[in-house]
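> give me a model of this one.
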Amino acid sequence: MEKKIKIYSCRPNNLPSNIEIKQLNNTKINDLLIIALAKKCFSDRDFVDSIMVSLQDGSYNQMLGAFDTETGNLVGACLLIDKAVAAEQKYGTEFPKNHTMFLDFLFVDPAYQHKHIGSNLINQAYTYCGENGFKQIELLCEINNSLMENVYDKNDFLRTGVASHSNISTTPHYFVFNASVNRNVRQFGKVLYASLLDAYNLDEISFYDYKGMLLDGHIPQEAFKLKNITPQTIRN
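Modelled structure (predicted):
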């Protein structure tokens, strides 16, 4: 019997009561469930084929699944693989081991979207990576599918670059998203960015003058636009 994993979320109690997150062992039944869901979520057969190959090779470090307890159906999945392994197996390139986990795929049944399932899967991925020595999570998302704010933006990932289909092509096809596993680091980065933007908007050019404003209780207005950040977090 699969062990239920506690859900860690920046927004507690936002998951429907009939949805639970479980670790998926690499068994034939679970592999079939993942493939069936992938076929429902992806129109691009290459994505499904890529998942099938990694399942067959047992490459994934961790597989997380969201189940509807009322129907027993798998309705969401998050598939994680060590970046060094992913670079060699998927792209034929060498990448030094640097404690980076690659979020290979995150997908949710279209009938269950907008229920915070993806966010809860990401938060559980943060927890798993933190407990297993990984410091960063990285992923690629097609540019055409991520021009607007998406689930990664909402869960503390930053767009850190672009990537092409292969080493031969120079045409950007993906946004590179990256996030620290440490939530405090993620929050500090966001507050720092908001503060810099706020100082720019206020025409403050002196670090010491602006620091004095912060110590006197000034809160950067841009900080109120940040995800998962409260004024108390900024004061702390």
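
> and the residue of the chain most remote from its centre, how far from residue 199?
Computed with C-alpha atoms, centre = their mean, the residue of the chain farthest from its C-alpha average is residue 209, at 36.4 Å. Residue 209 sits 9 Å away from residue 199, taking C-beta to C-beta, to the nearest Å as the criterion. Placement of C-beta: from N, CA and C, glycine included.

> just residue 164 next, same as before
When distance is defined by C-beta to C-beta, residue 164 is 35 Å away from residue 199.

> neighbour-wise, which of the two wins?
When neighbours are counted by other C-beta atoms under 10 Å, residue 164 and residue 199 differ, and residue 199 comes out ahead with 20 against 12.

> and that one, that's in a helix?
Yes - remark: residue 199 belongs to a helix, assigned using DSSP: H, G, I helix; E, B strand; the rest coil.

> wait, doesn't it sit right on residue 211?
No - counting by C-beta atoms under 8 Å, residue 211 is not a contact partner of residue 199; they are 9.6 Å apart.

> how about the helices in the chain?
If you assign secondary structure with DSSP state H, the helices in the chain sit at 28-41, 45-57, 83-91, 117-131, 183-201, 207-215, 231-235.

> show me the contact partners of the second one.
The set of residues that contact helix 45-57 without belonging to it, under C-beta atoms under 8 Å, 6 or more residues apart in numbering, is 26, 31, 34-35, 38-39, 42, 60, 79, 81, 89-90, 104-105.

> neighbours of residue 104, how many?
Neighbour count for residue 104, taken as other C-beta under 10 Å: 22.

> what comes up buried for stretch 64-80?
Taking 16 or more other C-beta atoms under 10 Å as the basis for neighbour counts, the residues of stretch 64-80 that come out buried are 64, 65, 66, 67, 68, 74, 75, 76, 77, 78, 79, 80.
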